[in-house]
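[1] no sequence on this one, just coordinates:
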Ligand SMILES: C[S@@+](CC[C@H](N)C(=O)[O-])C[C@H]1O[C@@H](n2cnc3c(N)ncnc32)[C@H](O)[C@@H]1O
């Protein structure tokens, strides 16, 4: 089998150290045409590769798009390219893994791919509890939640979400913290009309289409969930509880502010409150709510997350 590795940098070095014995490599390919050798194997240019007989070219460089375009221009068969650095562009460029699996075996390809995840997953994180489809939502948001939940072992308190809608994120919390009570606060009939005045009709209307029973059906551990239906903060009346993890996701200023006022004093030391949409340009009220809270009571200790809508993690 003629196996080529495109790249002579750290990616190629790591591939050889971790999964691919260098003896299996016919040659390395260097886009800058440096020539010479790498790890005892010849280094050739992409132009030379195009003239060779090759079964598979494993691309270890992060310049995925440039390399794809250059190979296309040289007439290199795209079906014989296997891109490894897909995690850098957050999308998998490979149309299929079938060829690689038939040449290298599925276990080998599995090992090859697992080292190239967007966020690598160390063994100490324990068994995977997230349903795979949860990652289609907002990968960084969900993986951040997973990492935070794994730090809560010695932190007392329940979990909660204020602003549940159809339970997409609640489902992840429930899957990751199966032993904790999960309070779900929502009107389950959309926003308070007065508060939502001035928001787009589509936005308001779309959030009406949910129901508490529908959310419960979507949870992996519905027995741990406690529905608090109604408008917050009235829906919290009489509840005596402390929290290890809170997701605050109500989009608008007054409800976000009320959420901060109620939950932050009840957040356990070592716990986290995830303020969703803190950096969302479409929902400036969320940031305004925290600004107001901080003006009145002082700065929170917090870490911004680069997920799609800019969550802020507030530390208890
Ligand atoms: C963006 S959605 C929540 C999305 C959900 N966290 C997720 O990630 O799947 C916002 C929700 O907040 C709810 N909401 C907003 N203000 C509220 C309030 N004061 N009391 C109860 N629910 C409220 C709305 O009904 C809506 O379902």
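    Nice, thanks for sending it over. All values reported here derive from a predicted model rather than from experimental measurement.
[2] CA atoms for contacts and neighbours, from now on please.
    Will do.
[3] those residues of the stretch 151-300 of the chain touching the ligand, which are they?
    Residues of the stretch 151-300 of the chain found near the ligand (CA under 6 Å from any ligand atom) are 163-169, 185-191, 207, 230-232, 249-251, 255.
[4] can you flag which of those residues belong to helices?
    168, 169, 255 (DSSP state H).
[5] so where's the longest strand in this structure?
    Using DSSP state E, we find that the single longest strand of the chain is strand 267-275.
[6] helices and strands around the helix or strand just after that strand, which ones?
    Going down the chain from strand 267-275, the next helix or strand is helix 284-297, by DSSP states H and E. Under the contact definition 3 or more CA pairs under 8 Å, 6 or more residues apart in numbering; DSSP states H and E, helix 284-297 sits against helix 253-263.
[7] ok, back up a step: in PyMOL, select just the buried ones from the ones in helices among the residues of the stretch 151-300 of the chain next to the ligand.
    Buried residues within those, by 16 or more other CA atoms under 10 Å, are selected in PyMOL with:
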select buried, resi 169+255
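[8] tell me the one of the ones in helices among the residues of the stretch 151-300 of the chain next to the ligand nearest residue 159?
    residue 169 (12.2 Å; CA to CA).
[9] check contacts around residue 308.
    By CA atoms under 8 Å, 6 or more residues apart in numbering, residue 308 lies in contact with 138, 140, 141.
[10] for the last one, the count of nearby residues, please.
    Applying other CA atoms under 10 Å, we find 20 residues neighbouring residue 141.
[11] what number of residues lie near the closest residue to it other than its chain neighbours?
    Nearest non-adjacent residue to residue 141, counting by CA to CA, 6 or more residues apart in numbering: residue 307, 5.3 Å away. For residue 307, the count of nearby residues is 18 (other CA under 10 Å).
[12] where does residue 307 land on pLDDT?
    What the model reports for residue 307 is a pLDDT of 92.
[13] list phi and psi for it.
    phi -90, psi -180 (degrees, to the nearest 10).
[14] what's the answer for the one 3 residues further on, then?
    Reported as degrees, to the nearest 10, the phi and psi values for residue 310 are phi 70, psi 70.
[15] skipping adjacent residues, who's closest to it in space?
    Nearest non-adjacent residue to residue 310, counting by CA to CA, 6+ apart: residue 279, 4.4 Å away.
[16] now the one you found: how far from residue 121?
    26 Å (CA to CA, to the nearest Å).
[17] among these two, which residue is more densely surrounded?
    More crowded of residue 279 and residue 121, by other CA under 10 Å: residue 279, with 20 against 14.
[18] ok, the more buried one touching residue 307?
    No - with contact defined as CA atoms under 8 Å, residue 279 does not count as touching residue 307 (9.5 Å).
[19] for the closest residue to residue 37 other than its chain neighbours, what are its contacts?
    With CA to CA, 6+ apart as the criterion, residue 37 has its nearest non-adjacent residue at 5.0 Å, and that residue is residue 43. For residue 43, the contact set (CA under 8 Å, 6+ apart) comprises 27, 28, 29, 30, 34, 35, 36, 37.
[20] quick check: which element contains residue 43?
    With DSSP H and E as the test, residue 43 turns up in strand 41-44.
[21] can you report how many residues neighbour residue 65?
    For residue 65, using other CA under 10 Å, the count is 12.
[22] residues touching it, list them.
    No residues are in contact with residue 65 under the rule CA under 8 Å, 6+ apart.
[23] would you confirm that residue 50 contacts residue 73?
    No - using CA under 8 Å, residue 50 is not in contact with residue 73; the gap is 9.9 Å.
[24] settle it for me: which of the two has more neighbours?
    Taking neighbours as other CA under 10 Å, residue 50 and residue 73 compare with residue 50 leading, 16 against 11.
[25] check contacts around the more buried one.
    Listed by CA under 8 Å, 6+ apart, the contact partners of residue 50 are 71, 74, 75, 76.
[26] any idea how far it is from residue 14?
    With CA to CA as the criterion, residue 50 and residue 14 are 25 Å apart.
[27] before we move on, what about residue 39?
    Per CA to CA, residue 39 is found 12 Å from residue 14.
[28] next one: residue 217
    44 Å.
[29] can you check residue 160 too?
    41 Å.
[30] between these two, which one's more packed in?
    Per other CA under 10 Å, whichever of residue 160 and residue 14 has more neighbours is residue 160, with 28 against 13.
[31] helix/strand/coil for that one?
    At residue 160, secondary structure determined by DSSP: H, G, I helix; E, B strand; the rest coil is strand.
[32] that one against residue 247, yeah?
    Yes - between residue 160 and residue 247 there is a contact under CA under 8 Å: 6.3 Å.
[33] hmm, back to that, look up how far residue 7 lies from the residue nearest to residue 37.
    Residue 43 is 9 Å from residue 7, by CA to CA.
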